[in-house]
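Asks: Any chance you could fold what I've pasted below:
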Amino acid sequence: MEVSYKKLWKILIDKDMKKKDLQAAAGISWASVTKLSKGETVSMEVLMKVCKTLNCDIGDIMELIPTEENETT
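Replies: Numbers count the residues shown, from 1 in each chain. Reported below is the predicted structural model:
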């Protein structure tokens, strides 16, 4: 499975926020923001902080995308 945070970036655009604004407001490290930008996995704690800051649900900021190897197993 791959992770997509496209929904998160759309929310930031709608709220006129930059990544550095999210980082400061949510109290997460810049390394976590970088991981989100690259579509890498981050801890549930980071995701919960982002959701709390943006007042949304986890499904509003990310989605899981099946990969071919996972579709056959």
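
Asks: ok, and what's touching stretch 40-60?
Replies: Contacts of stretch 40-60 with the rest of the structure, by Cβ atoms under 8 Å, 6 or more residues apart in numbering, involve 3, 7-8, 11, 15, 22, 25-28, 32, 35-36, 61-62. Heads up, the C-betas are built off the backbone N, CA and C, glycines and all.

Asks: Just the strands from this protein, written as ranges.
Replies: Using DSSP state E, the strands assigned to the chain run over residues 2-4, 63-65.

Asks: Using CSV, write down the CA coordinates of stretch 28-39.
Replies: Taking C-alpha atoms only, stretch 28-39 is exported to CSV below (Å, rounded to 0.1, in the frame of the first residue of the first chain):
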residue,chain,number,x,y,z
ILE,A,28,5.3,18.7,14.4
SER,A,29,8.9,18.5,13.2
TRP,A,30,10.1,19.7,9.8
ALA,A,31,11.2,16.1,9.2
SER,A,32,7.6,15.0,9.5
VAL,A,33,6.5,17.7,7.0
THR,A,34,9.2,16.5,4.6
LYS,A,35,8.0,12.9,4.9
LEU,A,36,4.4,14.0,4.3
SER,A,37,5.6,15.9,1.2
LYS,A,38,7.3,12.8,-0.1
GLY,A,39,4.3,10.6,0.5
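
Asks: which residues touch that stretch?
Replies: 2-5, 8, 19-20, 22-23, 41-43, 46, 49-50.

Asks: Which positions in stretch 57-73 come out as buried?
Replies: Residues 61-62 are the ones in stretch 57-73 that count as buried (16 or more other Cβ atoms under 10 Å).

Asks: Can you report how many residues neighbour residue 48?
Replies: 12 (other Cβ atoms under 10 Å).

Asks: Out of the contacts of stretch 40-60, which end up buried?
Replies: 8, 11, 22, 26, 28, 32, 35-36, 61-62.

Asks: Quickly check those residues for the two that are furthest apart.
Replies: Within those, two members stand farthest from each other by Cβ to Cβ: 11 and 35, at 17.4 Å.

Asks: coming back round to it: what's the closest of the contacts of stretch 40-60 to residue 68?
Replies: residue 3 (16.0 Å).

Asks: which residues touch that closest one?
Replies: 39-41, 62-65.
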